[in-house]
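Visitor: Dropping a prediction and its sequence here:
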Amino acid sequence: MAGRPRSFDRDAALAVAVHQFWREGYQETSVAMLTAAMGVSPPSLYAAFGDKAGLFEEASKLYFRRTCEGLDAALALPTAREAVVRMLQDTARAHTHSATPPGCLTMTEPRLASQREEVQHRLCERLDQGVRDGDLPPDTRTEQLASFLVAVMRGMSGCARDGGTTDDLLAISETAMAAFPLAPL
């Protein structure tokens, strides 16, 4: 006997859950909030995702995959400086886009430390490439620089959540670039 078909679009429900967690955070988001926003009953949520933690895990992975698409596109630019400028500018615009909650789920949610570590790892790899390519000084401390850049993005997320505008965040990114090492002569 086949199981009863789900009465909702799982992908659409997951997208709504992403926004709910992004807006409120894991701790502040209740199952009642999720089911109301997603338009599903608690049994349907549990049948589809297991529980709130399972839903969050799936939602945060979806969010992170989309985030990494933009990050990887920026990091593919020809020089480390161009890559970081694009990444920070994209961050400023994404954190303040009117179609989404302000800030960044990955940069804000305490439960997503491993995702922030992955962003830092990808940045460090790109900065290491910049040293190898000669567009960063050979003595650049890439791990420290990557850590600094993640801290900047976390700060930009907080600023956006506090009502900061795109221009505010672009100014932060411009200031951060003043600390970026210059290419060797």
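Guide: Nice, thanks for sending it over.

Visitor: what's the nearest residue to the residue positioned nearest the centre of the chain if we skip its chain neighbours?
Guide: The centre of the chain sits closest to residue 106, judged by CA atoms, centre = their mean, with a distance of 4.1 Å. In space, residue 106 comes closest to residue 115 once its chain neighbours are excluded; the distance is 4.7 Å by CB to CB, 6 or more residues apart in numbering. (Each C-beta comes from the backbone N, C-alpha and C, glycine too.)

Visitor: list the contacts for the one you found?
Guide: Residue 115 sits next to 60, 64, 106 when contact means CB atoms under 8 Å, 6 or more residues apart in numbering.

Visitor: could you dump those to a markdown table with secondary structure?
Guide: A markdown table is the format used below for the contacts of residue 115 (DSSP: H, G, I helix; E, B strand; the rest coil):
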| residue | secondary structure |
| --- | --- |
| 60 | helix |
| 64 | helix |
| 106 | helix |
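
Visitor: any idea which of those is closest to residue 11?
Guide: Residue 11 lies nearest to residue 60 out of those, by CB to CB, at 15.4 Å.

Visitor: Can you give me the distance of the residue lying closest to residue 150 once chain neighbours are set aside to residue 165?
Guide: Among residues not flanking residue 150 along the chain, residue 120 sits closest, at 4.8 Å (CB to CB, 6+ apart). Remark: distance between residue 120 and residue 165 (CB to CB, to the nearest Å) = 26 Å.
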